[in-house]
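> Could you look at this predicted model? Sequence included:
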Protein chains: 2
Amino acid sequence: MNNKTQITIKDIAKALNVSPSTVSRALKNNPDISEETRNTINKYAREHNYKPNEMAMNLRTSRSNTIGVIIPQFVHHFFSCVLDGIEEVASKAGYNIIIAQSNEEYSREVKIVHSFLAARVCGVITSLAKDTSRYEHYQELLDNNIPIVFYDRICTGVNTERVVVDDYAGAFAAVEYMIQTGCKRILFYSAPLHLEISKNRKNGYLDAMRRYKVPVDDSMIKICDTREQAIAITPAILESANRPDGFFAINDETASGILYSCKLANLKIPEDVSICGFSDGIIAQTTDPKLTTVEQHGKEVGESAIHLLIDRLENKNPEEKRSGNRIVKTNLVVRGTTK
Amino acid sequence: MNNKTQITIKDIAKALNVSPSTVSRALKNNPDISEETRNTINKYAREHNYKPNEMAMNLRTSRSNTIGVIIPQFVHHFFSCVLDGIEEVASKAGYNIIIAQSNEEYSREVKIVHSFLAARVCGVITSLAKDTSRYEHYQELLDNNIPIVFYDRICTGVNTERVVVDDYAGAFAAVEYMIQTGCKRILFYSAPLHLEISKNRKNGYLDAMRRYKVPVDDSMIKICDTREQAIAITPAILESANRPDGFFAINDETASGILYSCKLANLKIPEDVSICGFSDGIIAQTTDPKLTTVEQHGKEVGESAIHLLIDRLENKNPEEKRSGNRIVKTNLVVRGTTK
């Protein structure tokens, strides 16, 4: 597709019988060019809908103003909120974003990083796919002087800035609340345990249990992070002799699956079983009862990540002042699924 | 940010003491260059992590392989699914996508189109913001020979290809089902009526009512398309003398708000009131009862849109064969909120 009707500096120069360099300087309002000529050239450019060629400009200054963003999943409330925050700040600051979805696959994440390198992005914002546990592709970006900001599912093995949700405190507060409202046996449904978010929320869960001297062991932690999985494994757990009276789930989707299974088993919520999720997306509003959950502030995570990156790109944040991690606070939202 | 460690053809030429044109030809495996020299150059390029500069290549061929995508809202299940479909096909076909969010604002949509022009995108996929009713910015893209594909909220005033959900048939089927299961007074909660999706769903609603000779008038159509609005206006409607026994909502969010209000008014669902939404996202699974809704196949909409655009860009679809509209079928998913 040749955008042949988009006029260039050369076209303007030819039409007005001046040199391309005169046109270029006139368009930049350079006072070396007479006011009359500047006006003529700018008028012609306006009338013929001239737009500066960003690709050519970027090439000249040997940088692009395009930021690459990796999202594990588009169809996911928290990540949509993060994207919302990134895009809003980027567009105001004059940056383009190229967005790609790893679809939770390590191999796709690697391919995306290579395509970002080829596209000469000026920086990358990313969150790890669930099955990513090698990080050479990120080191390759850093080796090419392309700064990275990780958000949510961060990588501690690569020296970059990171925006994390205060997962530990969020988990601790949720489990503490369930204990204080009478739960004696609380299960934790986690994402895969190599992820930092899982480790931190698990530690918050374990520490709250220990703090209040509630018995806890590793068998009470299940790897289960989707609604479908929760609906698959929960019925057997509810029929066990040692039935739990509380569930803390790594996200709202999973919590909604637990709620569904409890109702199917004719258990009363929250009288018989308390349930708490993590995210506070639209799901938490639409379940009945509404879901108690840890609010995760996805938009704020996205805004923080892009601000950190832009500060870095524009050298507003000198090395000695960089903090490493920026932490977005969580807060517990108590609704109907807990006492 | 100058990515100074990313090496160029010139760097390789200097290091190996050959001309840049020799390097360029060797990297393309041109047989004019001796096999030995080609091997040396390719080895050096590999070891020093040389990546061809896509910006420079695109400039030379005077087209980019970047497609601009406009999404009205990131935090929206249907649009997330569309994006998922677009991104998957684009990345397989070797296109980058730049994604921007209009946030349902006409003025932002216009700005995005101008930034796409400046970025020399090769094509645009878009869906109208709710308050867009002027289309000059799209005409400007066409005037610059940049093809557009509209999806979902299309514009009939601009001559492009379009992917639409079969809104009319979806609405007709939903309302027909509610009538056949005993509803005598069904209200329609619509998005703003200037949008094509509203017009088509309204026509489906009206035609089903008339076909079965159920009394209907314009007062039974309310402009209400969010959960919050539904929770605000529904209680008074439920208290009116002529209480509806059915609601057909333009999306699942709105339907979830109606459901909430009905339960609050101690009405039994579906015995007293039937409710049907439109989308079939995660919300429809998590309400209690689960929501009857019209499945909208967002991912398929996205896939169709990007296929149409790529066919156009690669001239696989000659003008005389273009169909104008591609229609993605809907289907009614009957769950617990209807009899």
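Done, it's in.
> Apart from its chain neighbours, what residue comes closest to residue A:110?
Of all residues not flanking residue A:110 in the chain, residue A:137 sits nearest, at 4.6 Å (Cβ to Cβ, 6 or more residues apart in numbering or on different chains). Just so you know, the C-beta spots here come from the backbone N, C-alpha and C atoms, and that holds for glycine as well.
> Would you confirm that residue A:286 contacts residue B:283?
Yes - taking Cβ atoms under 8 Å as the definition, residue A:286 is a contact partner of residue B:283 at 5.0 Å.
> Please enumerate the shared neighbours of these two.
Counting by Cβ atoms under 8 Å, 6 or more residues apart in numbering or on different chains, the shared contacts of residue A:286 and residue B:283 are residue B:256.
> got the contact list for the nearest residue to residue A:339 once chain neighbours are set aside?
Of all residues beyond its chain neighbours, the one nearest residue A:339 is residue A:181 (4.1 Å), with distances taken as Cβ to Cβ, 6+ apart. If you count contacts by Cβ under 8 Å, 6+ apart, residue A:181 has them with A:274, A:338-339.
> what residues are up against the residue nearest the centre of chain A?
Nearest to the mean C-alpha position of chain A, by Cα atoms, centre = their mean, lies residue A:82 at 4.3 Å. Contacts for residue A:82 (Cβ under 8 Å, 6+ apart) come out as A:71, A:127, A:151-152, A:298-299, A:301-302, A:305.
> Would you map the helices across the stretch 101-250 of chain A?
Using DSSP state H, counting those that start in this stretch, the helices found in the stretch 101-250 of chain A span residues A:106-118, A:136-143, A:167-180, A:196-211, A:227-239.
> Tell me which of the ones you listed is the most buried.
helix A:167-180 (a mean of 22; mean count of other Cβ atoms under 10 Å in any protein chain shown).
> Only the C-alpha atoms, please, for that one, written as CSV.
Below are the C-alpha coordinates for helix A:167-180, written out as CSV (Å, rounded to 0.1, in the frame of the first residue of the first chain):
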residue,chain,number,x,y,z
ASP,A,167,0.4,-8.5,47.5
TYR,A,168,1.8,-9.5,50.9
ALA,A,169,-0.1,-6.9,52.8
GLY,A,170,-3.3,-7.5,50.8
ALA,A,171,-3.2,-11.2,51.5
PHE,A,172,-2.4,-10.7,55.1
ALA,A,173,-5.3,-8.3,55.6
ALA,A,174,-7.8,-10.6,53.9
VAL,A,175,-6.8,-13.7,55.9
GLU,A,176,-6.6,-11.7,59.1
TYR,A,177,-10.1,-10.4,58.5
MET,A,178,-11.5,-13.9,57.9
ILE,A,179,-9.8,-15.2,61.1
GLN,A,180,-11.1,-12.3,63.1
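> just to revisit the earlier point, so which of the contacts of residue A:82 sit within strands?
The members of these that map onto strands under DSSP state E are A:71, A:151.
> Let me have the contacts of residue A:82 in JSON lines, adding distance to residue B:158 and neighbour count as columns.
Below are those laid out as JSON lines (distance: Cβ to Cβ, whole Å; neighbours: other Cβ atoms under 10 Å in any protein chain shown):
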{"residue": "A:71", "distance to residue B:158": "30", "neighbour count": "26"}
{"residue": "A:127", "distance to residue B:158": "37", "neighbour count": "26"}
{"residue": "A:151", "distance to residue B:158": "37", "neighbour count": "30"}
{"residue": "A:152", "distance to residue B:158": "39", "neighbour count": "25"}
{"residue": "A:298", "distance to residue B:158": "34", "neighbour count": "26"}
{"residue": "A:299", "distance to residue B:158": "32", "neighbour count": "20"}
{"residue": "A:301", "distance to residue B:158": "37", "neighbour count": "24"}
{"residue": "A:302", "distance to residue B:158": "32", "neighbour count": "30"}
{"residue": "A:305", "distance to residue B:158": "36", "neighbour count": "28"}
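> so is residue A:312 in a helix, a strand, or just coil?
Counting by DSSP: H, G, I helix; E, B strand; the rest coil, the backbone at residue A:312 sits in helix.
> list the contacts for it?
Contacts were defined as Cβ under 8 Å, 6+ apart; by that measure residue A:312 touches A:123, A:147, A:149, A:161, A:322.
> what sits against the fourth one?
Applying Cβ under 8 Å, 6+ apart to residue A:161 gives the contacts A:147-150, A:308-309, A:312, A:322-326.
> Please repeat the previous calculation with a cut-off of 6 Å.
Under the criterion of Cβ atoms under 6 Å, 6 or more residues apart in numbering or on different chains, the contact partners of residue A:161 comprise A:149, A:308.
> So what sits opposite it in the bridge?
Beta bridges link residue A:161 to residue A:149 when assigned by DSSP bridges.
> Is it correct that residue A:123 is in contact with residue A:149?
No - contact criterion Cβ atoms under 6 Å: residue A:123 and residue A:149 do not qualify, at 7.5 Å.
> Common neighbours of these two, please.
residue A:309.
> quick one, which of the two is more surrounded?
A side-by-side neighbour count of residue A:123 and residue A:149, using other Cβ atoms under 10 Å in any protein chain shown, places residue A:149 first with 27 against 24.
> Please report how far the more buried one lies from chain B.
13 Å (Cβ to the nearest Cβ, to the nearest Å).
> unless I'm mixing things up, that residue is touching residue A:124, no?
No - Residue A:149 is not in contact with residue A:124 according to Cβ under 6 Å; the separation is 7.6 Å.
> Now do the shared contacts for those two.
Counting by Cβ under 6 Å, 6+ apart, residue A:149 and residue A:124 have no shared contacts at all.
> quick revisit: residue A:112 is in contact with the residue nearest to residue A:110, correct?
No - assessed by Cβ under 6 Å, residue A:137 is found out of contact with residue A:112, at 8.7 Å.
> Nearest residue to residue A:177 in space, please, no chain neighbours.
Closest to residue A:177 by Cβ to Cβ, 6+ apart is residue A:332, at 6.0 Å.
> what sits against residue A:88?
Counting by Cβ under 6 Å, 6+ apart, residue A:88 touches no other residue.
> could you give the mean pLDDT of the helix or strand harbouring it?
For residue A:88, the host element (DSSP states H and E) is helix A:77-92. For helix A:77-92, the mean pLDDT works out to 92.
> So which bits of that helix are buried?
Across helix A:77-92, burial judged by 16 or more other Cβ atoms under 10 Å in any protein chain shown covers A:77-91.
> what angle do it and helix B:77-92 make?
Taking axes from the mean of the first three to the mean of the last three Cα atoms, to 10 degrees, helix A:77-92 and helix B:77-92 form an angle of 70 degrees between their directions.
> Dump helix A:77-92 to PDB, keeping only the CA atoms.
The C-alpha atoms that make up helix A:77-92 are tabulated as PDB, following Å, rounded to 0.1, in the frame of the first residue of the first chain:
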ATOM      1  CA  HIS A  77     -10.000  -7.300  34.100                       C
ATOM      2  CA  PHE A  78      -6.800  -6.400  36.000                       C
ATOM      3  CA  PHE A  79      -4.700  -6.300  32.800                       C
ATOM      4  CA  SER A  80      -7.300  -4.300  31.000                       C
ATOM      5  CA  CYS A  81      -7.100  -1.700  33.800                       C
ATOM      6  CA  VAL A  82      -3.300  -1.700  33.600                       C
ATOM      7  CA  LEU A  83      -3.500  -1.100  29.800                       C
ATOM      8  CA  ASP A  84      -6.000   1.700  30.400                       C
ATOM      9  CA  GLY A  85      -3.500   3.400  32.700                       C
ATOM     10  CA  ILE A  86      -0.500   2.900  30.400                       C
ATOM     11  CA  GLU A  87      -2.300   4.100  27.300                       C
ATOM     12  CA  GLU A  88      -3.700   7.300  28.900                       C
ATOM     13  CA  VAL A  89      -0.400   8.500  30.200                       C
ATOM     14  CA  ALA A  90       1.500   7.500  27.100                       C
ATOM     15  CA  SER A  91      -0.800   9.300  24.700                       C
ATOM     16  CA  LYS A  92      -0.700  12.500  26.800                       C
END
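> That'll do, ta.
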